[in-house]
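Participant: only geometry, no sequence info:
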C-alpha cells in the first residue's frame with residue numbers, strides 16, 4: 001500500500017453518503033479573494049456545506065472551476081513594473 005493509499009486520521013469523518021465535498025485538505029483563505037486556495041469555496045460556503053441541499057452544493061461545485069483564475073493573478077513581474 002502506498003503512502004497515498006494509507007488512510008489518515010480523520011479521513012473517516014469526511015466520508016458521507018452525500019455529494020462529495022470539494023475539500024482537498026489544503027485549507028487556506030486567500031487574503032484578497034477570500035476563497036479557500038484548496039477548494040475555491042468562500043468561508044460562507046464552507047460553513048454552510050453540511051446544511052446545503054444537494055442542489056445548492058451542485059451549483060457551487062459547477063461554479064468552482066470559474067473561480068480558479070482569480071487566484072492565479074501574478075502580483076509582480078514585468079506587468080507590475082510597467083504599471084499594467
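Facilitator: Alright, I've got the coordinates. Predicted, not measured: the structure shown is a model, and the values here were computed from it.
Participant: how near is the closest residue to residue 24 other than its chain neighbours to residue 30?
Facilitator: Computed as Cβ to Cβ, 6 or more residues apart in numbering, the closest residue to residue 24 that is not its neighbour in sequence is residue 38, at 4.6 Å. No exception for glycine: its C-beta is placed from N, CA and C like everyone else's. Residue 38 sits 10 Å away from residue 30, going by Cβ to Cβ, to the nearest Å.
Participant: same question, residue 41
Facilitator: Taken as Cβ to Cβ, the span from residue 41 to residue 30 is 11 Å.
Participant: show me which of those two is the more surrounded one.
Facilitator: Higher neighbour count among residue 41 and residue 30: residue 41, with 23 against 12, using other Cβ atoms under 10 Å.
Participant: over to that one: give its phi and psi.
Facilitator: phi -90, psi 160 (degrees, to the nearest 10).
Participant: roughly how far does it sit from residue 66?
Facilitator: From residue 41 to residue 66 the distance is 13 Å (Cβ to Cβ).
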